[in-house]
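> pasting the structure only:
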């Protein structure tokens, strides 16, 4: 029982990352009708926002301390981050430590800009082209962005620590009445799950309760009629692209402490997110979220030793296997609407 | 000849000639000339071009004709390699059994994967093939380790049984005793040409592959495949079931990929799971589209261009660039070198990605279409009415609008 609960909550954080990326993919597909193979790279760019924020905050002034000597006998160079100089050592240290959540402030405008440039610069020209062309051009775009990041940050993963307040693990089992140290769950993953739940709810609330969201939903259902009513739907859809980019970006920022950012993490997540979208049903927002959590949890269950002994190798392929079964049995996905890209 | 009409025969003969003369064609510069680094006439690269040419020709039979975009062809390449190396280990280091088994095994796998994936079309087909290839890749790394030797990769060892090889047999892949790695060198003046057994072995298969693809393109079967791309629904209405045709195309292209994998193993008797990663399948997509999907020469051109440029670009480092741009004033030189070096050496993939995007956006027919357009311009210019806009507009009106090269 404790094993099952452990795997269940283990699957939640990965599942929420899948859900966030898949939600963005579905938003883009549902509004603009574009299959965006570059969406994973937006997640990756978000993760690198955390790296950049950490580096900005740790920018240091170098002062020479004549009283101390380094091992070569020269006066020691002391590095003091500027934030410590400006705000005092205590606040400065805290700021550096909290660089991951602070990176959200950087990521939101940056991702909006990236999303806007991507949509206006490239994707806009492919609305009328076949889906395969869209796949190909965004695939090329993904390669380009990935290589640029590799050029700037190198090929190795860059570890980004979470704030020290969330460094430990939560003994989750004790809360449910199990023995201590049976179900342990790192605080940060818990934070990540809460964070993504908030984001998911915010996106849904935005679409549901604002006029803007209402127009977008109307446009998703019947683009032409909304256009005839005199609403500039294209402009709103472009804004939705930027919002989808922000969602992927913040998902990436907060994921940085869990998985050290590297240049190919976007592609790794992209393949799975596409599978998630297809399983959930192309164009269905709720389906994307449901399938994201479902596949995340399934993946973590499949990595249990009991399951692995029964079906060797299942932990490696469970996601793809599920996708194949779902696609063959129910081509429009779990919650897909009838007629939306059913074939 | 060989069931081809006059025009195709000439075309085919030209292709044969080009393939056989590649050691000359890819070695245009003398050894001491400063452009010698642009020479691509070494056996390893030439064989790679031939092998990836086969891979892309096969992929084109599926994608170019039927419009089904598969991202999973890397799986067949990998299976071909594994099958070939197992043949080397168990039977003999002679390459023929290895290549034959590679084709058969990948054909069987393609039959299974195709039978499942072809139940869907469009983007679902792409995702299904992607998922299948990713599964094959992950299984090769984990559970199938006894067969694939996991991360180390499958290798030929002296302790292997090799039941058909006698005690004194060669211990390198060979063609009835003739080692594939053997080369003859020919020096003419400053030029050095290398003739490699392995390259000609691959080239022979490439010619065969090209011939089969030519026949398919001209056959009623090829016409059916084009019909699948043009309008599947109408095909259904006329009482034809498109599934057997697409499945046949899928299996054929899978066998081509397996052949390429087997040849890869023959050139270098080693097989690793990284050949099955979906990015390898993405590479063949890029090659086919860069060259021109749906055309006969396109995939080969694309494969050749990419493999050649990959080799040349990754060799260009900053020192070489400084030499090239040394005629510029110092400050400008540094700027130019900095910019160009982002796209060469390590940054080669960046250049490839950019070029690929541009091709998809502006030249959907790839290099072949580019060549045609230039030829058209040239012809019009020769006729002396190059500046006459009315003529070209008129011509465009007479020509049917070109169909998109990808079906939905």
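Arrived safely, thanks for sending. Everything quoted here is computed from the prediction, not taken from an experiment.

> measure stretch A:72-91 end to end?
End-to-end distance of stretch A:72-91 (Cα to Cα, to the nearest Å): 33 Å.

> off-centre distance for that stretch?
Relative to the mean C-alpha coordinate of its chain, stretch A:72-91 is positioned 34 Å out (Cα atoms, centre = their mean, to the nearest Å).

> contacts for that stretch, please.
Under the criterion Cβ atoms under 8 Å, 6 or more residues apart in numbering or on different chains, residues A:57-66, A:68-70, A:92-93, A:95-96 lie in contact with stretch A:72-91. For every residue, glycine as well, the C-beta is placed using N, CA and C.

> need the single longest strand in chain A, by residues.
strand A:60-69 (DSSP state E).

> partner strands of the helix or strand following that strand, parallel or antiparallel?
If you walk from strand A:60-69 toward the C-terminus, the next helix or strand you reach (DSSP states H and E) is strand A:75-81. The strands beside strand A:75-81 in its sheet (DSSP bridges) come out as strand A:60-69 (antiparallel).

> contacting residues around the strand it pairs with?
Contacts with strand A:60-69, where a contact means Cβ under 8 Å, 6+ apart, come from A:75-82, A:85.

> likewise for stretch B:289-304?
Contacting residues not belonging to stretch B:289-304 are listed as A:136, B:11, B:15, B:49, B:52-53, B:55-57, B:59-60, B:63-65, B:206, B:210, B:213-214, B:217, B:286-288, B:305-306, B:355-356, B:359-360, B:365-369, B:405-406 [Cβ under 8 Å, 6+ apart].

> show me what contacts residue 201?
You didn't pick a chain, so chain A it is. Contact analysis of residue A:201 by Cβ under 8 Å, 6+ apart lists nothing.

> nope, chain B
Contacts for residue B:201 were tallied using Cβ under 8 Å, 6+ apart; they are B:95, B:175, B:180, B:263, B:266.

> now do residue B:368
Counting by Cβ under 8 Å, 6+ apart, residue B:368 touches B:291-292, B:295, B:297-298, B:301.

> between those, which is nearest residue B:245?
Compare each of the contacts of residue B:368 with residue B:245 using Cβ to Cβ and the shortest gap goes to residue B:295, at 19.9 Å.

> starting at the chain centroid, how far to stretch A:191-203?
From the chain centre to the centre of stretch A:191-203 is a distance of 11 Å (Cα atoms, centre = their mean).

> next one: stretch A:17-33
With Cα atoms, centre = their mean as the basis, the distance from the averaged C-alpha position of stretch A:17-33 to the chain average is 11 Å.

> and residue B:272, what is it in contact with?
Neighbouring residues of residue B:272 by Cβ under 8 Å, 6+ apart: B:81, B:151, B:153-154.

> helices or strands up against the helix or strand of chain A with the lowest mean pLDDT?
Ranking every helix and strand in chain A by mean pLDDT, DSSP states H and E puts helix A:172-175 at the bottom, with a mean of 72. Other elements packing on helix A:172-175 under the criterion 3 or more Cβ pairs under 8 Å, 6 or more residues apart in numbering or on different chains; DSSP states H and E are helix A:2-32, strand A:184-186.

> show me the one of those that comes nearest residue A:124.
Comparison of the helices and strands packed on helix A:172-175 against residue A:124 by Cβ to Cβ identifies helix A:2-32 as nearest, at 8.8 Å.

> what packs against the closest one?
Contacts defined by 3+ Cβ pairs under 8 Å, 6+ apart place helix A:2-32 against helix A:39-57, helix A:172-175, strand A:184-186, helix A:187-209, helix A:211-221, helix A:233-255, helix A:265-280, helix A:285-302.

> so which bits of the longest helix anywhere in chain B are buried?
When chain B is parsed with DSSP state H, its longest helix is helix B:242-267. By neighbour count, and taking 16 or more other Cβ atoms under 10 Å in any protein chain shown as the criterion, the buried residues in helix B:242-267 are B:242, B:245-267.

> so which helix or strand takes in residue B:8?
Applying DSSP H and E as the criterion places residue B:8 in helix B:6-20.

> of all the contacts of strand A:60-69, which two lie farthest apart?
A:75 and A:82 (21.1 Å).

> so what's residue A:319 up against?
Residue A:319 sits next to A:272, A:275, A:295, A:298-299 when contact means Cβ under 8 Å, 6+ apart.

> which of those residues are close to chain B?
Here is what survives when those are matched to chain B using Cβ under 8 Å from any Cβ of the partner chain: residue A:275.

> among the contacts of residue A:319, who's most crowded?
When the contacts of residue A:319 are compared by neighbour count (other Cβ atoms under 10 Å in any protein chain shown), residue A:295 ends up highest, at 28 neighbours.

> excluding chain neighbours, what is closest to that residue?
Of all residues beyond its chain neighbours, the one nearest residue A:295 is residue A:319 (5.2 Å), with distances taken as Cβ to Cβ, 6 or more residues apart in numbering or on different chains.

> next one: that neighbour from residue B:112, what distance?
The gap separating residue A:319 from residue B:112 is 19 Å, by Cβ to Cβ, to the nearest Å.

> equivalent analysis for residue A:320, please.
When distance is defined by Cβ to Cβ, residue A:320 is 14 Å away from residue B:112.

> also residue B:312?
In this structure, residue B:312 and residue B:112 are separated by 39 Å, where distance is defined by Cβ to Cβ.

> which of those two has more neighbours?
Taking neighbours as other Cβ under 10 Å, residue B:312 and residue B:112 compare with residue B:312 leading, 16 against 12.

> kindly report the residues of the stretch 201-350 of chain B close to chain A.
Counting by Cβ under 8 Å from any Cβ, the stretch 201-350 of chain B sits next to chain A at B:278-279, B:282, B:285-286, B:289, B:342, B:346-347, B:349-350.

> which other residues reach stretch A:257-268?
A:13, A:40-45, A:47-48, A:50-51, A:100, A:142, A:145-147, A:149-150, A:153, A:155-162, A:188-189, A:192, A:252, B:279.

> just for chain B, where's the confidence low?
In the predicted model, chain B carries pLDDT under 70 at residues B:1, B:168-169, B:385-408.

> find the centremost residue of chain A, please.
With the centre of chain A defined as its mean C-alpha position, the nearest residue by Cα atoms, centre = their mean is residue A:251, 3.1 Å away.

> what about the nearest residue to that one once chain neighbours are set aside, neighbour count?
The spatial neighbour of residue A:251 that comes closest, neighbours along the chain excluded (Cβ to Cβ, 6+ apart), is residue A:20 at 3.7 Å. Other residues within reach of residue A:20 by the criterion other Cβ under 10 Å amount to 33.

> same check, this time on residue B:170
Residue B:170 has 15 nearby residues by other Cβ under 10 Å.

> swap in residue A:181?
10.

> assign it to helix, strand or coil.
Under DSSP: H, G, I helix; E, B strand; the rest coil, the three-state class of residue A:181 is coil.

> from residue A:193, how far off is the closest residue to it other than its chain neighbours?
The spatial neighbour of residue A:181 that comes closest, neighbours along the chain excluded (Cβ to Cβ, 6+ apart), is residue A:171 at 6.4 Å. As defined by Cβ to Cβ, residue A:171 lies at a distance of 17 Å from residue A:193.
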